[in-house]
Structures are given as C-alpha cells and as structure tokens.
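Chemist: Got a predicted model here, sequence first, then my questions.
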Amino acid sequence: MLEKTYNPAEVEETLYSDWEQSGSFAADTGSSKAPYTIMMPPPNVTGILHIGHALTFTLQDVLIRYSRMRGKDALWQPGTDHAGIATQMVVERQLAEAGIHRRDLGREKFVKKVWDWKEESGGSIIRQLRRLGASPDWEKERFTLDDSLSNAVTKVFVQLHKEGLMYRDKRLVNWDPKLHTAISDLEVEQRETTGKMWFFKYPVDGMDGVTITVGTTRPETMLGDTAVAVHPDDERYTELVGKTCILPLVGRSITIIADDYADPEKGSGAVKITPAHDFNDFEVGKRHNLERINVLDENAALNENAPEKYRGMDRFDARKAIVADMEEAGLLEKIEENAMVIPYGDRSGVVVEPWLTDQWYVDAHTLAQPAIKAVETGQMKFVPKQWENTYFEWMRNIQPWCVSRQLWWGHRIPAWYGPDGHIFVEETEAEAVVAAKVHYGKDTEIVQDPDVLDTWFSSGLWPFSTLGWPDKTPELDRYYPGDVLVTAFDIIFFWVARMMMMGLHFMGEVPFREVYIHALVRDDKGQKMSKSKGNVMDPLELCDKYGTDSVRFTLSAMAAQGRDIKLSEQRIAGYRNFITKIWNAARFCEMNECVPSAKFDPASVTSTLNRWIVSKAAEAGNAVAASIESYRFNEGADALYHFTWHTFCDWFLEFAKPVFHGDEEAAKAETRATAAWALDQILIFAHPIMPFVTEELWRRIDENRGSSLINGEWPEYAGLSAPDAQAEMDWVVELISAVRSVRAEMNVPPKSKLDLSVKGTNETDQARLESHRALVSANARLESIVCVDDEHDVSGAIQTVVGSMTLLLPLAGVIDLDQERARLQKENDKHDAEIAKIEKKLNNAGFVAKAPASVVDENKARVAAAQDAKSKVLEALSRLASI
RNA sequence: GGGCGAUUAGCUCAGCGGGAGAGCGCUCGCUUCACACGCGAGAGGUCACUGGUUCAAUCCCAGUAUCGCCCA
C-alpha cells in the first residue's frame, strides 16, 4: 500500500544509483539505434550548482530521457571545464590565507596545488548534478585538462599556426592589473558611470601665450601623449595643425595633427593622443605613425617612462597628483561632469587597462566566415530563431581573439623562443628543439612561452575533443555532430560561436544541428544571477524542501521561449502538490485493484468511459511529445498537468468509482485495466520531466514488471482517437457541472440528494442518460433522474439549461424567487452578449463572403446554440413569473 | 548611439488573426470511503496607448510611453 504522500528524500538517492549502476545512462557505440547527442556545456570545475544550472541541465535531461524512451541511443556527454582564471583565483585565495603568494611556490608547485584542489574539492557541481536527476553518460566524463583533450588543444594550436590563423602580435590588450593577465574583449564588462572630464591647456610651441585645450578623462595617461588631434574641418584649430605643443609636466614636444577621430562636439574638440593606452588612440597613432610610449607597469602604476616624480604611483593616485600639478601650473582650464563607460574585468572587478603587449591571436575573422554561412544556410538553426541576429551581429564584426593568458593554470602554449626571439610552434618540446636546430644550424637553447590559453579555447573544441579527436574513434564517428546544444544566450559569443568556428574548421561540419537558447533565471529585480553579485538561489535547498521533481517540473513549466524566468517558491510548492496528486491517483488505483497488464490493448476497450480516457491519454501523450521535440517545455508541462489533474483525476477516476463499486464484473475489469493503463501513460510521459516519482510509482505499482521506467518505451499513440466518446463524455461533464453549479448557488447541502427531471431530451440524450445514470447520479448527487415531457409541471423547480435540455431540480421551499430570477436573468444576459457579438459578425457581408466557410459555419452554430439556450432561459423566467 | 525583448486577472506568467488562459492568491460551501499538498462552486481582465492593414486584431504593421537586457 502506498503511503499518503510521496517522500522524495527516501527514494531519490536509491533510484539514482540504481539507474547509474544498471548502465541506463550509458550510450552504446555498438547500438543499432539511431544516435542522439547532446554535449553538456561543461560547468566550471569551481562551480556551485545555481538555479540557472538547474534549468539548463533539467531541460537537457528532459530531452535525453525523452530520446532514450523514443528508442534512441542517447549520449549526453558530461564534463567540467578547468576555468583558468576562476580556478587559479580560488587556489590563490586559499594560499593567501596562509600568507603565500603563488610566486613563492613557483609554477610547478603551484600547478600541483591546483590539481590537488581539483581532486579534493573540484567538481562538486558534478555531484550536485546527480541530485538533480541528470542522466549523462558518466563513464565518458571529461575534463578540459585531460591528456586527450590537452592533446587536441595542442594540435589545434599548431595547425592554426601553420595555417597562419594563429599569430603573435603586439597590440593593445585588455590588461587586468589585478590578475596580471590579458583578457579577451568578452571578459570585459562595460559599466556606465558619471566621471569627470578635465580640460588641460598645452602651450603651443613658438606662439607665446597660445595654448590648445584638450579634454580628457584620463589625466594620468597624458604622460604618454605623443600628439594632439583636431578634426580636419574644425576651423578653430586649422592654423595650429602641423605645429607642435609642449606636453606639460613632461616637456616633450608633440605634434598637433588633423584626424577624423577628433569630435568637434566633444570636449574642446581637441583630444590628446596616447597610442599606448587607448584603443582609439592606438589606431590614430598607426595612421600618423606616432610613437607609442607606455607609461604604466603591470600593476597599472606609473613606470620608468614617466617623469621621476610620478614613478611607482598607482594610476589613480597619479591622476590626483597630475591634476593638482596642472592646476598649480595654471594649465587646468576646467572640470566637467562626464557620462562615460568604464571597462572592468569580469573576474577581478577592477578597471581594465589597455596595455601594449605581445600576445597570441586567433584570426577569428577568417574562421567566422564558414560559421556565418552555416547559419545562413540553415545547417545550424537557432531556436528561437531571433538569436540568429545576435550571432550574426557579433560574428560579422568579430575582432582578433586574444587567446594567451598570463596564468599558470591551463593549457601551456606550444611555442618556444630562440635567443633572438624566433618562434617555434610545435606539438612537443622535442620537435621544437629539432626545429630550432634546423633553423640555427646547431643545437640552440629555446624557452617555452610561459603563457596558457584562454579557457574558451579548449571549450571551443569540446564537441569533438571529448569524443577522442584527433583520433578517429567510433564515438567521434557516431556522435558528431550533435543534435542540439542547450544553453543560455549569455554564452553565444563565448562558446557557441567558438565551437562553430572550431568545429567547422577541424571537423568540416557544424558541431550541432540546433542551438536551443533558453531563458535566463533572474533574481527578483530582473538582474542576472551571478556569484559576484551574490544573488544566487540554491536549487538544492529547494530540492530538499520540495523534492527534485518539483523543482524540475517548475523549471520546465516556466521555460517558455523568449522570456526570462523569475522564480517563486510558491510555484514550486504548487507543483509539489501536483506530484502528490499523481501519487494519490496511483494510491487510488492501487486500492481499487487496477493492475497494469502487458496484454492490455488500449484499442480494444469497449465502454465509452474507457474509450474516452484512452483517447484523451493518447492526445496528451502526443502533445507532450510534440512539445518536447519543439523545445516548448512549458507546453509539455501544461499538457501533462492538465490531463493528469483535470481529466484523469477530476473526471475519469470519479466516473470510475461507480463502476468499481458496482456489480458489473466485465465493466469493472475493463475499467480497472484501463485506469491502470492510463496511469502508466501518465508515468511514461511525465518521466522525462519528473524522473523520480514516476520511476518509484512504476516500480511500486507492479513489482513484477522487470523493467525500469527510465528504459521504458514511449508508445506510438496511433488509432486511439474516439471523437464520439469524447463528445459523449463532454456532454456528461457539462450536465454534472450544470447541476453542481445550481446546487452551489442555491446553497443545497452537499449531503442532500436531489431528484432530477430533464425536459427537452432527444433520443441521444436519453440514451446517454441511461448509460451514464450511475456516474451522473454519483457526481451530481442525485437520487433519481427522469426524462419528462414539455407539459411537466415545473412549479417549485429550479431550472437550468444544458444544450437543448432544461434541467429541473425540485427545490420547493429553498428557492428564493428573487434570487432565482436574478440568476436566470444573468444567464440570459450572457447569452444576449454572445448572440449580439456573433450576429454582428454574421451581418457583416464581408465576413460571410471572405471568411472560410468553416469559420462561418462555426459561428452560425454558436449563435444557434446560444439562441436555443436563451429561449429555454426565457421560458424558465416566464414560468417563474407565473408561480 | 545601435539592437533585441516585454507591457494580458491582485501577483508571477502562458497564448497570439476568428469563442480571454494557467499557477498562486481571493470569496463561498465541503472532515464526500485517493489526496485539505484536497473537493465543488465563484469573483476578478476596454489583453499599455494612438493610428493603420483586414470581412475580422490581444495577436500583423507603424508610432508613442514605460520597463528590462545585449552591444558600442
């Protein structure tokens, strides 16, 4: 006997390990089934499961479990990402607590420490994933720093280099002065702030007392100025172009140049040019062949190129000092408030500095071309489609991708330098040594590049590196390309774009056919959840409180396309109740000896009631399947919820009660078998979303099944449609609802049973009444049901209209005539409104002429029905008047 | 500045060219032999605003307002 409520805590762990140990999650390379592949976006090894993970992994698991039940050989490839900066920061922080800096340890020891940390505390997110019920093929779990994946990274780097798509260049990078590494454009967060603009006067050479005023937001970088620019058309400055001015505090003579970059509207119209410290100025510098003077060190403090006084000062201290010194020199014209955007490192949270360094770059522009084309031609599709725009926008304007990082944790760049700086890019040191010998004509000492690669470089290879590439493995052959990638929009650039470029370049094929972009779970202010903002919700706490299935169902039900999710705990509680409802439906079936049978054929049932529920179950199952296949998880969840609660529980089981309590053995047997079958269907099509409770019930309902639901088969619901049975049961539902409505409005005590007389019945009505007498009586709480003719005395009866029938309920003594009149009047008004609305349409010649015939007919039928009902109500009203 | 999205019941949100929906909340009545995490019956909405297209607009188009996000 099932308990009164489902207790998730008791079953989840057992079921999960049972699934895992029985190999239910494993893909099978030798299978004759068609493959279905999802690459799990590898979470950071430092990651803690947050609600966004819960959403994305739930949806992926729904797809995987569904596909598995659909007879596919499903591979959900799991793993974790080494997360260069994030992981290094975690370990550095730990060391810092012990007062140790990574430099004290040295590279080798430090990297060892990180590995130790990874083995001990890393990957907790993988354990948390199990709590979520996720069913990836754990045997195939990978880590981006695994030997085989690292090997792939090296190969890719070397090949790209050989093809000229990977190169070293001296350019401005986004330098993080706290982490001491370059970061890519994507890792920079642009924050709007109100800052200041300082107006400095630079004395013009040879023109006594004449100055040119430049507006700047970065006074400290003036020490590296190598020009002043004005717009060529700016007449205020025409005379000064070509002349030189003196850079105050430094004394260097710099040229006044004309360049379109200077905006006459902004500031004074003249702008100082610091090619070594500003991306725009760098471009201007290139056009005018200006010297690049770097005045900052790796900490963003002033370096030896600055005048002695400022050397070693932090950039912001230097700013104050310089402004003060300029003011003292009488060269500070004014200070204005200025709305501006300041770049911050997304990991460190400090202001990022454009800094001139040598870095490795990927020619993303070239790689992007096939990746753009693949989406244009539909080889890869975004769902929802609108995200194509985001993808195209970025891909078409893609910048060289800086992939080197000045970190120790990550894939070491396979490049070695000779004494003269000559670069050797090879897969191994041995090969580099050989190359150097060839190049120099003798054994020559070479030194490996100390840098590592951007984490996203290896992530970009994930769809094929995890399958064994560059080896030609059976897995690679079978599971690439994947079917769908499921992710949030925020990593379209970081990851999706990179996988597309790498996949197309190295595999010659897109890495996946579709990308489903789901919502972002935001906090109550609509803010993106992130660790740094500290506004994360803990899905595991919710799982503890409500059960994992409740959380999964809630997330699925809210995963509508195109809008972000604001999650409320109340809603989870509501869906927990749904699970209890399923549980109790099963309990009811158990109490009434509804046992599933393998021999049961749903197409063979005979009673209207059973044909009806079979038909409805098939509809629901098909609706859930179609929803999942089109990534409309919310619609699938709705279909499931509605069928289970409002069709199966509210009506079918209630209708089955009189059968179960009756003495027609054949009907009883069929209805029991049908109920058991329908319940099984609910478990089947609920399983992808709610794996635990469904599996538990599947086993508890029939301990001799010998199979797990996870390995169950999703039936083809064909040939089960029964429109006649549906029409008939709809009629019954309407009848019962009408009686209940009157009872409630008239405050009839629930216990008292009424005698129902029905007027205006046709043969169909009479036959239906006859065959459903028991269940109508039970559900409407009736003592008797009789059909009467038009002459029947209705005095003292409440009347209500259902279709062409008028229901008469004897409520003499309880009827408040005024109340009853008001009730009927209200009903009448409703019909009037309906009739007016439709007639207006039908009276429109254009409508009748141009609308499809079916729509016109439908409206005609509706207005006829409403008129019929109205006349019945009017009749009732007139009878009332005559009492 | 450019782009995208949102505006529907008290709240959170579905729907999207021909009958306005869900969950929660609210009201009334029920210890009805599966379930009070329940059952039954209800209340509640000029579908942001203004134009346009159409026989027909909550839905399509244009504009306005407000809010949010992304990119520069």
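Modeler: That came in fine, so what should we check first? Residues are numbered from 1 along each chain as shown, chains lettered A, B, ... in the order given.
Chemist: Longest helix in chain A, please.
Modeler: Longest helix in chain A by number of residues (criterion: DSSP state H): helix A:853-882.
Chemist: what mean pLDDT does it have?
Modeler: Mean per-residue pLDDT for helix A:853-882: 84.
Chemist: how about that helix: buried residues?
Modeler: A:856, A:859, A:862-863, A:866, A:869-870, A:872-873, A:875-877, A:879-880 (16 or more other C-beta atoms under 10 Å). Bear in mind the C-beta positions are built from the backbone N, C-alpha and C, glycine included.
Chemist: Dump those into CSV; add distance to A:Val515 as well.
Modeler: Shown next, in CSV, are those (distance: C-beta to C-beta, whole Å):
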residue, distance to A:Val515
A:Val856, 43
A:Asn859, 43
A:Arg862, 44
A:Val863, 48
A:Ala866, 48
A:Ala869, 51
A:Lys870, 54
A:Lys872, 57
A:Val873, 56
A:Glu875, 62
A:Ala876, 60
A:Leu877, 62
A:Arg879, 66
A:Leu880, 65
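Chemist: Present those residues as a markdown table; the columns should include distance to RNA strand B.
Modeler: Output for these, formatted as a markdown table (distance: C-beta to the nearest atom of the strand, whole Å):
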| residue | distance to RNA strand B |
| --- | --- |
| A:Val856 | 8 |
| A:Asn859 | 6 |
| A:Arg862 | 4 |
| A:Val863 | 9 |
| A:Ala866 | 8 |
| A:Ala869 | 11 |
| A:Lys870 | 13 |
| A:Lys872 | 16 |
| A:Val873 | 14 |
| A:Glu875 | 20 |
| A:Ala876 | 16 |
| A:Leu877 | 18 |
| A:Arg879 | 21 |
| A:Leu880 | 19 |
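Chemist: between those residues, which is nearest A:Asp601?
Modeler: Within these, the smallest distance to A:Asp601 is 38.1 Å, found for A:Arg862 (C-beta to C-beta).
Chemist: who's in contact with the closest one?
Modeler: Counting by C-beta atoms under 8 Å, 6 or more residues apart in numbering, A:Arg862 touches A:834, A:838.
Chemist: repeat for A:Ala603
Modeler: If you count contacts by C-beta under 8 Å, 6+ apart, A:Ala603 has them with A:614, A:719-720.
Chemist: Mark which of these are buried, thanks.
Modeler: A:614, A:720.
Chemist: so can I have TSV of the contacts of A:Ala603 showing pLDDT and distance to RNA strand B?
Modeler: Formatted as TSV, those follow (pLDDT from 0 to 100; distance: C-beta to the nearest atom of the strand, whole Å):
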residue	pLDDT	distance to RNA strand B
A:Val614	95	18
A:Gly719	88	25
A:Leu720	91	22
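Chemist: Which ones among the contacts of A:Ala603 map onto helices?
Modeler: A:Val614.
Chemist: quick one: stretch A:742-762 to chain centroid distance?
Modeler: 51 Å (C-alpha atoms, centre = their mean, to the nearest Å).
Chemist: quick one: average pLDDT of whichever strand or helix holds A:Lys840?
Modeler: Under the criterion of DSSP states H and E, A:Lys840 resides in helix A:817-842. The average pLDDT for helix A:817-842 rounds to 81.
Chemist: Okay, buried residues for that helix please.
Modeler: Under the neighbour-count criterion of 16+ other C-beta under 10 Å, helix A:817-842 has A:820, A:823-824, A:827-828, A:831, A:834-835, A:838, A:841 buried.
Chemist: For the residue nearest to A:Met326 when sequence neighbours are not counted, name its beta-bridge partners.
Modeler: Leaving aside its sequence neighbours, A:Met326 sits nearest to A:Leu332 (C-beta to C-beta, 6 or more residues apart in numbering; 4.6 Å). Beta-bridge partners recorded for A:Leu332 (DSSP bridges): A:Phe200.
Chemist: Any idea how many residues pack against A:Leu332?
Modeler: Neighbour count for A:Leu332, taken as other C-beta atoms under 10 Å: 19.
Chemist: Fine by me, we can end here.
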